[in-house]
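S.K.: Provided below are the primary sequence and the corresponding predicted coordinates.
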Amino acid sequence: MQHQRIEIIIDGMNLAKSRASDLPWLPVDDTAAVSEAASFFYGCGADAVKIFGAKAWCESTAGLKALAAQGVLFSAPGGLDDDFMLRFII
């Protein structure tokens, strides 16, 4: 039986915002939210995890830049990350 490929697509900016509001006792750290989400889904057996965000957000901290360099975080062209993600998955 052939393994069905599992790819996870995440809106990174919404992820970071949700983490900050749902878990206020944790430090607000976009890098940690993105990294933890990717690690979680890879741990669940995902073949690929792609986390998207507006270019300005993806380049806003050294940690987010590092995740982009590692191929975990991707900036949407033109800053229209929601539109880009919808087109990417269709």
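M.R.: Yep, it's here.
S.K.: so where's the longest helix in the chain?
M.R.: helix 30-43 (DSSP state H).
S.K.: buried sites along the very next helix or strand once past it?
M.R.: Later in the chain than helix 30-43, the nearest helix or strand by DSSP states H and E is strand 48-54. Neighbour counts using 16 or more other CB atoms under 10 Å place 49-54 of strand 48-54 among the buried residues. C-betas here are computed from N, CA, C, even on glycine.
S.K.: and if you look at stretch 62-71?
M.R.: Those would be 64, 67-68, for stretch 62-71 by 16+ other CB under 10 Å.
S.K.: quick one: contacts of that stretch?
M.R.: 29-32, 34-35, 38, 51, 53, 57-59, 73-75 (CB atoms under 8 Å, 6 or more residues apart in numbering).
S.K.: and it, how far from the chain's centre?
M.R.: 11 Å (CA atoms, centre = their mean, to the nearest Å).
S.K.: could I get the average pLDDT for it?
M.R.: Across stretch 62-71, the average pLDDT comes to 91.
S.K.: re the thing from before, which other helices and strands does the longest helix of the chain contact?
M.R.: helix 12-22, strand 48-54, helix 62-69 (3 or more CB pairs under 8 Å, 6 or more residues apart in numbering; DSSP states H and E).
S.K.: distance from the chain centre to the longest one, please.
M.R.: For helix 12-22, the gap between its own C-alpha mean and the chain's C-alpha mean amounts to 11 Å (CA atoms, centre = their mean).
S.K.: list the buried residues of it.
M.R.: In helix 12-22, counting by 16+ other CB under 10 Å, buried: 12-13, 15-16, 19.
S.K.: other SSEs contacting it?
M.R.: Against helix 12-22 (3+ CB pairs under 8 Å, 6+ apart) you get helix 30-43, strand 48-54, helix 55-58.
S.K.: pull the residues that contact the last one.
M.R.: The one in question is helix 55-58. Taking CB under 8 Å, 6+ apart as the rule, helix 55-58 contacts 12-13, 30, 64-65, 68, 73-79.
S.K.: picking up where we left off before, nearest to Phe84, of the helices and strands packed on helix 12-22?
M.R.: Shortest distance between Phe84 and the helices and strands packed on helix 12-22, using CB to CB, is found for strand 48-54: 6.5 Å.
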